[in-house]
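Novice: Quick one, fold the following:
(3 chains)
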Amino acid sequence: MVKGRSMLDVRGLRKVYEGSGRRIEAVRDLTFTVEAGELVCLVGPSGCGKTTLLKCMGGLLTPTSGDVLLEERRVTGPPPGMAFVFQEYGRSLFPWMRVAENVELPLKQKDLPRQRRRELVRDALEAVGLADAAGAYPWQLSGGMQQRVAIARALAYEPQVLLMDEPFAAVDAQTRADLEDLVRRLWQERSMTILFVTHDIDEAVYLGERVIVLSASPTVVQEQLKVDLPAERDQLHTRVAPRFAELRTHVYQQIQAAKRGSLRDGLTKSDPPPATR
Amino acid sequence: MKGLNAVLGAAGLAVFLALGEAVPRLGLVKEQYFPPTSRIASALADELGDGAFWSALGDTLTGWALGLAIAVVAGVVAGVLLSVVPYLREATASTIEFLRPIPSVALIPLAVLLYGTELRSVLLLVVYASFWQVLIQTLYGVQDVDPVAEETARSYGLGTWARVRHVLWPTALPYVMTGVRLAAAVALILAITAELVIGAPGLGQQIAVAQTSQAVPEMYALVVVTGLLGLLVNVGARTVERRALAWHQSVRGEVAV
Amino acid sequence: MTQQSVTPRRGWERLLVRAVFVLALPALLVALWWLASDGSTNVFWPPLRTIVKTFPDVWTRERLRSDVWPSLWRLACGYLLAAVVGIALGTLIGSYRRVRAFCEPVLEFLRAVPPPVLVPVIMLFAGIGDSMKIVVIASGCVWPVLLNTVEGVRAVDPVMTETARSYGITGPARLGYLVLPAASPQIFAGLRQALSIGIILMVISEMFAASDGIGFTVVQFQRSFAIPDMWTGILVLGLLGFVLSVVFQLVERRVLGWYHGLRASTRRSR
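Specialist: So this is what the prediction gives:
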């Protein structure tokens, strides 16, 4: 995949919820681009409409105004080139299906031949290290393993873009570190485009090639930041690197500023803090 | 949203009643089999002015309430006893599993022989049918007692009665209320069945009389009354359940049995 | 309430104790009945010995064919009809919020009508033949299935719904892979209630107007004061209720195996 080609375009996205006489403007005006093969993290204060944004991008919600484009084509419903990984892994896998069946289900909808489906399922489960669990039910697995199944399901779907909505918010810290490395590895191996939403600043900096900081609701883009850490990252060294600390401090300050709402509306593309080395 | 739902519900009811009027009027069904809503309504009005109707209603309610009360007391006492006395639960499990699915209507011939059309016939069927609902829910409720709470109570030297009173009963109460709600509905069904089939005095018997004398609108009117009664019992039991458990930290879901 | 102190360690011993627990009380009750009724001269309470002796004479192969089989056939037809109609309509109504609000009061009323009063009403239309009994059974059984299906379909987890949508699982596939399996525990709860209602209605409709069937036979025995024969009929009805409930449980445990596992795993982690 050639980098530099735009895969996802969000243009002037706005979402207003109307209900029982109240209007809630969840997203005010969002514009940004994700290039093909990029791993971008979206961070923002809690309750800033991250999930709303992601659901608009995934075609699960219709924006009030503005557009989402996937490879120049307007998204009106869930596009076949996109896969979604939800935060609530326990409720996103079907408990009446075994692990392999869960992974295979979306492929059946794609009308792939049985042979091909089997290959994809096996390959995806191997990629997340769950080849042995194919015959188990999701509820027989730990939380982290269940989220791996959900990731495998997304991989088998062979999407161009993977949307992940705070996927690791509900797992314990160690499992979370493993899953973060899994996402990095899969991204590098499979050259997918990944948009990863999180409220965890460390996670955003550790995972992303780029971090988009969102403001408090009604949401706008507060800042876009290039993460100039080496491509090979690991939990042990990357997280203690001075550059990592600078970046996370910077993002933290931006989010604090966003919470105070002191920044101007609209797109701001600031430079990352100067490197000290 | 709630207002809209109420309007829709009222509209649904109106359409239902209008269909009941139109279908026989248009000759889609024979009028003597399915009288229009208005004829049923006027028959119902006649019934309401008739003393016999009210005494029949009273008989039905008596059989229902008495039977339900006996079943609830017996079910709760048996349920607590079976759970508190060691080994009793295990020893009775198979017997309960065998007796519970026996349809209470199988007892109709016996009831007829023993008590004829007396109230006791009705009570036999009502109690047998509703007892199991209460017993099973009580057993589930007691099973749900937190072993830590039980151990705590034990370690503070609470006796059996105190443990039943302070640990077991509060935990089991939501389940018992569910049991009572289910039993109330079953009791009404069996009370009316007994009257209908055996001929014990009550609404069921009135329906049987109306049927044999070809008084079709009256029969429909009485069927509507039993339906309204059932509705009242369901709504009432649900309200009591919710009221009684308002203090409880978790109003538990029903155990599907 | 603690059992640890008595649970023996070895497998066959545990099995033995279990067998004693399962069989002791029923055996005791039957023995009591046998002894208490042995010298009975009360016509209504014949000795159990007499009832047992009468049993094979009454429930002959011929009788099974002429009375038990028709009853079971009607029950099966009515029950299956109710299940199909109840699940189909329930899925439809449960899927649309407006439709549900529209239908709810009427459904609440129809469900509240005690099913046995349907017998005289349906007799008007369908006479007293098999079709009457099947319609009676079906129209009594349909409400618990219908209302439980509505509840189950309504309560499908929104995250699962969105998951299905995001992977393009729509239309019939959505119904088959998501909605019906998700609602199946509720549907089975309804089917279970419907089963006991179905048995009641089978018996009642035969007591009311019939020329064959178990309910008809039992009432005939009672009317002709063939008391031991009547008792065997009561036993047959009891046995039928028990066997059908066991069959239902077996089916339920197979179909809802995942659900029981899921519940057990959430209970453990609680």
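Novice: C-alpha only now, for contacts and for neighbours.
Specialist: Will do.
Novice: quick one: low-confidence parts of the chain?
Specialist: Just going to use chain A. By pLDDT under 70, the weakly predicted segments of chain A are A:1-4, A:20, A:261-277.
Novice: Not quite, go with chain B.
Specialist: Along chain B, the model assigns pLDDT under 70 to residues B:1-2, B:246-257.
Novice: Please enumerate the helices of it.
Specialist: Listed in chain order, the helices found in chain B under DSSP state H are B:2-25, B:37-48, B:51-84, B:88-99, B:108-115, B:119-143, B:147-155, B:160-163, B:169-198, B:203-212, B:216-244.
Novice: To C:Leu262, which of these lies closest?
Specialist: Closest of the helices of chain B to C:Leu262 is helix B:119-143, at 18.6 Å (criterion: CA to CA).
Novice: Tell me which residue in the stretch 1-150 of chain C sits closest to chain B.
Specialist: C:Val113 (3.8 Å; CA to the nearest CA).
Novice: From B:Leu61, how far off is that residue?
Specialist: With the distance defined as CA to CA, to the nearest Å, C:Val113 ends up 15 Å from B:Leu61.
Novice: neighbour count winner among the two?
Specialist: Relative neighbour count places C:Val113 above the other of C:Val113 and B:Leu61, with 23 against 18, counting by other CA atoms under 10 Å in any protein chain shown.
Novice: Count the residues that sit near residue 163.
Specialist: Going with chain A. Neighbour count for A:Leu163, taken as other CA under 10 Å: 24.
Novice: Chain C, not that one
Specialist: By other CA under 10 Å, 23 other residues sit near C:Thr163.
Novice: check contacts around the closest residue in space to it that isn't next to it in sequence.
Specialist: Residue nearest to C:Thr163 in three dimensions, not counting chain neighbours: A:Ser92, with 6.0 Å by CA to CA, 6 or more residues apart in numbering or on different chains. By CA atoms under 8 Å, 6 or more residues apart in numbering or on different chains, the residues touching A:Ser92 are A:Phe86, A:Ala150, C:Val159, C:Met160, C:Thr163.
Novice: mind running it again at 10 Å?
Specialist: A:Ser92 makes contact with A:85-86, A:102, A:146-147, A:150, C:157-164, according to CA atoms under 10 Å, 6 or more residues apart in numbering or on different chains.
Novice: do the same with B:Gly12
Specialist: Contacts of B:Gly12 were listed using CA under 10 Å, 6+ apart, and they are B:Ala6, B:Ala18, C:Val99, C:Arg100, C:Ala101, C:Phe102, C:Cys103, C:Glu104, C:Pro105, C:Val106, C:Leu107.
Novice: and what of A:Gln256?
Specialist: Each residue near A:Gln256 by CA under 10 Å, 6+ apart is listed here: A:Gly44, A:Pro45, A:Ser215, A:Ala216, A:His250, A:Ser262.
Novice: Confirm that it sits in a strand.
Specialist: No. Counting by DSSP: H, G, I helix; E, B strand; the rest coil, A:Gln256 is not found in a strand; it is helix.
Novice: any idea how far chain C is from it?
Specialist: 31 Å (CA to the nearest CA, to the nearest Å).
Novice: if I look at that residue, how far off is C:Ile122?
Specialist: When CA to CA is applied, the distance between A:Gln256 and C:Ile122 equals 72 Å.
Novice: And for residue 207, the neighbour number?
Specialist: The chain I'm using is chain A. Residues near A:Leu207, counting by other CA under 10 Å, number 23.
Novice: my bad, the chain I had in mind was chain C
Specialist: If you count neighbours by other CA under 10 Å, C:Met207 ends up with 24.
Novice: okay, which residue is most central for the chain?
Specialist: By default, I'm working from chain A. Closest to where the C-alpha atoms of chain A average out (CA atoms, centre = their mean) is A:Phe196, at 2.1 Å.
Novice: if you could check chain C rather than the one you did, that'd help
Specialist: Central residue of chain C (CA atoms, centre = their mean): C:Leu195, 2.5 Å from the mean position.
Novice: any residue of the host helix or strand of that one up close to chain A?
Specialist: Secondary structure here is read from DSSP states H and E; on that basis C:Leu195 sits in helix C:180-208. Yes. Residues of helix C:180-208 contacting chain A under CA under 10 Å from any CA of the partner chain: C:Pro181, C:Ala182, C:Ser184.
Novice: Can you select the buried ones from these in ChimeraX?
Specialist: Buried residues within those, by 16 or more other CA atoms under 10 Å in any protein chain shown, are selected in ChimeraX with:
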select /C:181,182,184
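Novice: Tell me where the chain has helices.
Specialist: Assuming you mean chain A. Secondary structure of chain A (DSSP H): helices located at A:50-57, A:89-92, A:99-109, A:114-127, A:143-156, A:173-190, A:201-207, A:235-238, A:242-260.
Novice: my question was about chain C
Specialist: C:11-38, C:48-58, C:61-63, C:69-95, C:97-112, C:118-126, C:130-154, C:158-166, C:171-174, C:180-208, C:214-223, C:227-255, C:257-269.
Novice: on that earlier part again, the residue nearest to the centre of chain A contacts A:Val211, doesn't it?
Specialist: Yes. Judged on CA atoms under 10 Å, A:Phe196 makes contact with A:Val211 at a distance of 9.4 Å.
Novice: who touches both of those two?
Specialist: In the contact map built from CA under 10 Å, 6+ apart, the residues linked to both A:Phe196 and A:Val211 are A:Leu39, A:Val40, A:Cys41, A:Leu42, A:Val43, A:Ala204.
Novice: Dump the contacts of A:Gln256 into CSV; add neighbour count as well.
Specialist: Shown next, in CSV, are the contacts of A:Gln256 (neighbours: other CA atoms under 10 Å in any protein chain shown):
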residue, neighbour count
A:Gly44, 29
A:Pro45, 23
A:Ser215, 32
A:Ala216, 25
A:His250, 16
A:Ser262, 10
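Novice: Please list all residues in contact with A:Ala258.
Specialist: Residues in contact with A:Ala258 (CA under 10 Å, 6+ apart) are A:44-45, A:48, A:213-217, A:219-223, A:252, A:264.
Novice: The same query, at a cut-off of 8 Å, please.
Specialist: With contact set as CA under 8 Å, 6+ apart, A:Ala258 has these partners: A:Gly44, A:Pro45, A:Leu214, A:Ser215, A:Ala216, A:Gln222.
Novice: who touches A:Ile255 in this structure?
Specialist: Under the criterion of CA under 8 Å, 6+ apart, the contact list for A:Ile255 reads A:Gly44, A:Pro45, A:Val213, A:Leu214, A:Ser215.
Novice: Distance to chain B added to those residues, as TSV?
Specialist: Rendered in TSV, the data for the contacts of A:Ile255 read as follows (distance: CA to the nearest CA, whole Å):
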residue	distance to chain B
A:Gly44	33
A:Pro45	31
A:Val213	37
A:Leu214	33
A:Ser215	32
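Novice: and the least confident helix or strand in chain C by mean pLDDT with chain B, contact?
Specialist: Comparing every helix and strand of chain C by mean pLDDT, DSSP states H and E singles out helix C:257-269 as the least confident one, with a mean of 84. No. Against chain B, helix C:257-269 shows no contacts by CA under 8 Å from any CA of the partner chain, the least distance being 10.8 Å.
Novice: Nothing else from me, thank you.
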